[in-house]
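Trainee: From the sequence below, what's the structure:
(chains A, B and C)
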Amino acid sequence: MAEGKNFYARVYDVVKKVPAGRVATYSQIATIVSSPRAARAVGWALRALPQGHDVPWQRVINSRGMISIQNLRAPKMLQMRMLREEGVDVMTVDGNYFVDLEKYLWRSYSR
DNA sequence: GGTTTGACCCTAA
DNA sequence: ATTAGGGCCAAAC
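Mentor: Here you go, the predicted structure:
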């Protein structure tokens, strides 16, 4: 899978493979594309998403299943709504949004 | 080319 | 259990 591409492209490619109604974690994406410790780099890649992208960035969350996004262009509220549109049950706790990883975590290689 | 930043993660106090 | 700190990787300054 596109291993010769840039880091960005690889991250996007993996995120695109996440099916609707499922979520993936940053470290999971990092593990697939490169190193398990490159979770921050994945965040960088998603942060720099180009306009007109077709990357379902809303399906990528942290390991605790919490949405800690602070990007103005992509409010947590928006992500929460998009996930719910896909059938993912998003819980609201103290202004933060949580997703049940045990239930919605994407498992492509580990099963 | 060293320093800073960032949508993170893990360990220790 | 909650909070604080350091570490990791890749890009922008």
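Trainee: Any part of stretch A:63-72 near DNA strand B?
Mentor: Yes. Under the criterion of CB under 7 Å from any atom of the strand, stretch A:63-72 makes contact with DNA strand B via A:63-64, A:68-71. From N, CA and C alone the C-beta is placed, and that goes for glycine too.
Trainee: Give the buried subset of those as a ChimeraX selection command.
Mentor: Buried residues within the residues of stretch A:63-72 next to DNA strand B, by 16 or more other CB atoms under 10 Å, are selected in ChimeraX with:
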select /A:69
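Trainee: same question for stretch A:46-62, mean pLDDT?
Mentor: Average pLDDT, stretch A:46-62: 92.
Trainee: swap in stretch A:85-100?
Mentor: Mean predicted confidence for stretch A:85-100 is 92.
Trainee: Restrict it to CA atoms and write it as PDB.
Mentor: The C-alpha trace of stretch A:85-100 is given here as PDB (Å, rounded to 0.1, in the frame of the first residue of the first chain):
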ATOM      1  CA  GLU A  85     -24.400  10.500  11.100                       C
ATOM      2  CA  GLU A  86     -22.400   7.300  10.400                       C
ATOM      3  CA  GLY A  87     -24.000   5.400  13.100                       C
ATOM      4  CA  VAL A  88     -21.300   5.800  15.800                       C
ATOM      5  CA  ASP A  89     -22.700   6.400  19.200                       C
ATOM      6  CA  VAL A  90     -20.900   9.400  20.600                       C
ATOM      7  CA  MET A  91     -21.200  10.200  24.300                       C
ATOM      8  CA  THR A  92     -21.000  13.600  25.700                       C
ATOM      9  CA  VAL A  93     -19.100  13.900  29.000                       C
ATOM     10  CA  ASP A  94     -18.300  17.300  30.600                       C
ATOM     11  CA  GLY A  95     -18.100  19.100  27.200                       C
ATOM     12  CA  ASN A  96     -15.900  16.300  25.700                       C
ATOM     13  CA  TYR A  97     -17.000  13.600  23.300                       C
ATOM     14  CA  PHE A  98     -16.200   9.900  23.800                       C
ATOM     15  CA  VAL A  99     -16.600   6.900  21.600                       C
ATOM     16  CA  ASP A 100     -16.700   3.300  22.800                       C
END
